[in-house]
Each structure stands twice: as C-alpha cells, then as structure tokens.
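**Q** fold the following.
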Amino acid sequence: MSLRSVVLLWAVCVSTAASAQPSEDLRDIMSARAYGMGGAYRALGLGTEAVLGNPAAMALWPAYRFEGTGAWDTALKEGMLGISVIDGATSKLAMGVDYHWVSLGRGGARTSAHLSSLGVGFPLTPGILIGGVARYLRMSGMGRYANSVTVDTGVLMRLSQSFVAGVSGHNLINTDNVELSRYYTGHIGIMSGMLTLAGDVRADFETDDKTTLTYAGGLEYLMGMQVPIRAGYSYDGFTRTSRLSTGLGFMTEQGGGLDIAYRHELGGEKSRMLALTIRLQVN
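**A** Have a look, this model is predicted:
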C-alpha cells in the first residue's frame, strides 16, 4: 500500500469517527448566568438564553430583555460573541432573536460558525407554555461546512408559583449535519425567595445507536437583593468529563446588570472557560 493510500484511508477513518458523534461545540452556547449554574437554565426563563434552550420559557416572565455575551476558553483558544433580544412584554406572544458568532479550532486552523435564531413563546394557560424556534447555521473552515435550517420546540409547565418543569426537542429537521443532530432535554427549576435551583438532562439517541446523557445542575443565591452568587456542575456524556462552574453578578433595581462566570473542566481537554454577559431588562 502506497503512502498516499495510507493517508487517504486515515482521513476517511477520522471523518467517519467524527460523523458518528454529534459536535458539542454549538450546544455549549449560553449566557454567563447559565455557565455559572453549570448549564442548567432551560426551565428558568430568566434571560435571553431561552431562545437557545426551551423557547417556551420566553413567555414565562413578561419583560423586554437585551443581552450581549462574550466567552473565551483560555486553554482551547476558542470563543464566541452573541447578542439577543426577547420581547415578552408587548403581548402574550413573546418573541426572541439571537445571533452568535463562534470561533473554533486550534492554532491557525479555525472554523467560523454563524448561528441565527428566531423564536416565539406563548402561554396556552397560566400553567402551560409552548414555544418554537427556527435556526439557521452557516459554518466554514477547517473541513467543517454547514448551510442548514432546523427547528426546536418546547413545553413548560408551571406546577406552582415556585416550581417549573419542561421538555424540549432540538434540531427536529434532519439536516444530515453533525453540528445539528437531534436531541431532547428535560429540565426543572425551583425559585423560592432568594434561592434558585435548576437541573437539566439532555438525551441524544443518534450516537452509535445508543443513548448518550448529559447532566447539569446549579444554584443561585441572591445576596443583598443585588448580587447573585452561582455554582454548578455538569457531566458531559460525550467526552465523559465533569465540569465545575461558579459565577456572580450585579443587578440593578430594574433587573439589568452584568454577570461573570468561570467553568473548569476536570480531565478531557482541560477547558477553562471565562464568560461575561451585559444585560438590560424593562418590565
């Protein structure tokens, strides 16, 4: 076998292995608040990350929200910038728009991803909310290309004034793109006084004909009515690594402010993520 044949065979094997496992890169986009809580955020509806999580959460708390987020991994040299807006105050139909630019890859070989989302959320009853999002991904560089459209849907149930539970389905249109593989989530949120608790479970049924689960749990304690302190833990079923998170913020009386977060991966590629979100809220 010639050297050229060996190289071609190696490239095919690498490509096949990569296509067998969905990419985690674009599932890891969220706000600094969500990073600080370990990635457990889909049931809370506290920020514009609802557009990327469970779209029904956009209608959970009526308000007009604007957020800008930046994140950088100091170990992997990857990062993202995002801007998002939710109008949940004008009518019962909440609408949200989100755009993220993501830079991936090592060294000089980079991939740029542009992820745009447009979603709506609506309360069917005071206790049941539904939502949907249309998403467009354009990606190029380092052998990774995409020009695809897909959708997410979600349902939230407000079981009491302080307890919310929900489910969501993501990338429900098959694009044959490893970056947009289908997965489902279940999530709960408990908001009692100054303390907020949240838990998320994500299930992927398309990885090597088996179910891959990812878990996240987090808490937030509001100190002095203005300074939220956060901590979280997540386990990634794809890389089989654990991540510890922490964060804090500052809130104005109107609900705006800023958040910072740090996430530390135990093992794996030893990711070290820093994130900052600036937010504005008008009730």
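**Q** part of a strand, is residue 29?
**A** No. Counting by DSSP: H, G, I helix; E, B strand; the rest coil, residue 29 is not part of a strand but coil.
**Q** which residues touch it?
**A** Taking CB atoms under 8 Å, 6 or more residues apart in numbering, we find residue 29 in contact with 52, 80, 82, 100, 102, 115. Glycine gets a C-beta too; all of them are placed from N, C-alpha and C.
**Q** now do the strand or helix carrying the third one: distance to the chain's middle.
**A** The one in question is residue 82. Taking DSSP states H and E as the criterion, the element that holds residue 82 is strand 78-87. Distance, stretch centre to chain centre, for strand 78-87: 11 Å (CA atoms, centre = their mean, to the nearest Å).
**Q** list the buried residues for it?
**A** Across strand 78-87, burial judged by 16 or more other CB atoms under 10 Å covers 78, 79, 80, 82, 83, 84, 85, 86, 87.
**Q** before we move on, what about stretch 94-105?
**A** 94, 95, 96, 98, 99, 100, 102, 103, 104, 105.
**Q** packing partners for the strand holding residue 82?
**A** strand 64-73, strand 94-106 (3 or more CB pairs under 8 Å, 6 or more residues apart in numbering; DSSP states H and E).
**Q** what residues does the shortest one touch?
**A** Right, strand 64-73. By CB under 8 Å, 6+ apart, strand 64-73 touches 30-32, 35, 47-49, 78-90, 271-283.
**Q** tell me the mean pLDDT over it?
**A** The average pLDDT within strand 64-73 is 96.
**Q** use 350 as the first number from now on
**A** Yes, from this point I'll number from 350; that puts the last item at strand 413-422.
**Q** low-scoring stretches of the protein, by residue?
**A** Applying pLDDT under 70 to the chain picks out residues 350-373, 455-457, 555-558.
**Q** tell me where it has helices.
**A** 352-368, 381-385 (DSSP state H).
**Q** contact partners of the last one?
**A** For helix 381-385, the surrounding residues in contact (CB under 8 Å, 6+ apart) are 389-390, 395-396, 398, 402, 418, 420, 567, 569, 577, 579-581, 594-598, 608-612, 622, 624-626.
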